[in-house]
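Chemist: Whatever this is, show me its structure:
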Amino acid sequence: IRDSLEDHVSGVGVRCPLGYFPCGNITKCLPQQLHCNGEDDCGNRADEDNCEDNNGWSLQFDKHYTKDKYNKLKSLYAFQTKTPECLAGAVPAECICQGLEIFCDAAKLRAVPQVPSNITVMSLQRNLLRKLSADIFKKYQDLKNLYLQNNKIRAVSERAFKGLYNLTKLYLSNNKIISLKPGVFEDLHKLEWLIIENNKINRISPLTFYGLKSLILLEMMNNSLARLPDKPLCQYMPRLNWLDLEGNHIHHLRNVTFVSCNSLTVLVMRQNKISSLNENSFSSLQMLDELDLASNKIESLPPHIFKDLKELSQL
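Modeler: From the prediction side, this is the model:
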C-alpha cells in the first residue's frame with residue numbers, strides 16, 4: 001500500500017511520478033496497482049519481481065494485526081483462486097468465473113453486470129463505470145471482496161453498498177470520486193480493508209465511516225483533502241490499525257482529529273502541506289509504531305509532541 005520505489009525493482013536512472021514504479025532497466029513507469037498483479041505489464045516481467053518479499057507496509061501490518069492471516073499475502077491485487085470450475089451458474093460472456101469468484105476486468109462495461117447472487121468475489125477493474133447507483137450490489141450478500149479500481153466512477157449513491165453485510169475488502173482506487181456521503185458504508189460491519197487512493201475526494205467527516213466497526217486499514221493516498229475533520233476521525237472505526245493519507249493537501253493537524261484512534265499503529269501523512277502541529281496532535285496514539293511526516297512544510301516542532309508515543313519505533 002505504501003510501497004516506495006525502493007520496494008520495487010529500481011529502474012536505473014528512471015524517475016517515476018508519485019504512485020508509479022519503474023520497469024527495471026527500461027524507461028517505462030506503470031501505476032503501482034499493476035505491481036504483482038500476475039501479468040507481465042512491463043514486458044520484461046520487472047513488475048512481477050520481488051512479489052513474495054514481506055517488507056514495507058506488509059511487514060508492519062503483519063507485526064501489529066495477525067501474522068497468520070496475512071503472511072502469505074503476495075499482493076492486494078492477486079486473486080487466490082483454488083477452484084477452477086464455475087460454481088456460480090451462468091455468467092455474462094465478458095466475465096470469467098472460477099468457483100464463486102467472478103472477474104469482468106477490462107471488458108468495457110458501462111454498468112455493473114447481472115451475475116449470480118451467491119458469488120463471493122466480484123472484480124470489475126479497468127472498465128467504464130461512471131456511477132454506483134442505490135442498491136446496485138444489494139443481492140450479493142455473500143460477497144467478500146469487491147474490486148472497482150480503474151474505472152471512471154464519479155458519483156456514489158449513499159445506498160450503493162447496501163446489503164453487503166459480509167464484505168471484508170473494498171477497492172475504489174483510481175476513479176474520479178469527489179465525495180462520499182455520510183452513511184455510505186453503513187452496512188459494511190465486517191469490512192476490514194477500504195482502499196480509496198487516487199481519487200478526488202476533497203473532504204471527509206467521521207460520519208463518512210459510520211458502520212465500519214471492523215475496519216483495520218484505510219488507504220486514502222493521493223486525494224484532494226485539504227483538511228481533516230475537527231471531530232474524532234476514528235469515532236466509528238474503533239479497530240483502525242493503519243491510516244495512510246499520503247499525497248493530499250492537508251495543512252494542519254488538530255488536537256481532536258486522532259483522539260479516538262486508539263488502535264492505530266501506522267499513520268502516514270507524508271507529502272502533504274502540513275506547516276504546523278499542535279503539542280497534543282498525537283497524544284492519544286498510544287499504540288503508534290510508525291509515524292511518517294516526511295515531505296511536508298514543517299519548520300518547527302512543539303517540544304513534547306512525541307512524548308506519549310511509547311511504542312514508536314519509526315519516525
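Chemist: average pLDDT across stretch 269-286?
Modeler: Across stretch 269-286, the average pLDDT comes to 93.
Chemist: what about that stretch, distance to the chain center?
Modeler: Put simply, stretch 269-286 sits 21 Å off its chain's centre (C-alpha atoms, centre = their mean, to the nearest Å).
Chemist: Name the residues of it that are buried.
Modeler: 269-272, 274, 277, 280-285 (16 or more other C-beta atoms under 10 Å). Any C-beta I mention is one placed from the backbone N, CA and C, and that applies to glycine too.
Chemist: What's the end-to-end length of that stretch?
Modeler: End-to-end distance for stretch 269-286: 17 Å, by C-alpha to C-alpha, to the nearest Å.
Chemist: do stretch 308-315 as well
Modeler: So stretch 308-315: terminal residues 14 Å apart, C-alpha to C-alpha.
Chemist: neighbouring contacts of that stretch?
Modeler: 265, 282-293, 306 (C-beta atoms under 8 Å, 6 or more residues apart in numbering).
Chemist: which residues does residue 202 contact?
Modeler: 178-179, 223-226.
Chemist: pretty sure it is in a strand, no?
Modeler: No: counting by DSSP: H, G, I helix; E, B strand; the rest coil, residue 202 is not found in a strand; it is coil.
Chemist: ok so, going back, output the buried residues of stretch 269-286 as TSV; include the columns distance to residue 310 and secondary structure.
Modeler: Shown next, in TSV, are the buried residues of stretch 269-286 (distance: C-beta to C-beta, whole Å; DSSP: H, G, I helix; E, B strand; the rest coil):
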residue	distance to residue 310	secondary structure
269	20	coil
270	23	coil
271	27	coil
272	25	coil
274	23	coil
277	19	strand
280	15	coil
281	16	coil
282	12	coil
283	11	coil
284	12	coil
285	10	coil
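Chemist: how close does residue 199 get to residue 306?
Modeler: According to C-beta to C-beta, to the nearest Å, residue 199 stands 31 Å off from residue 306.
Chemist: what's the neighbour count on residue 229?
Modeler: 16 (other C-beta atoms under 10 Å).
Chemist: residues near the spatially closest residue to it that is not a sequence neighbour, how many?
Modeler: Distances taken as C-beta to C-beta, 6 or more residues apart in numbering place residue 205 nearest to residue 229, at 5.1 Å, with adjacent residues excluded. Residues near residue 205, counting by other C-beta under 10 Å, number 16.
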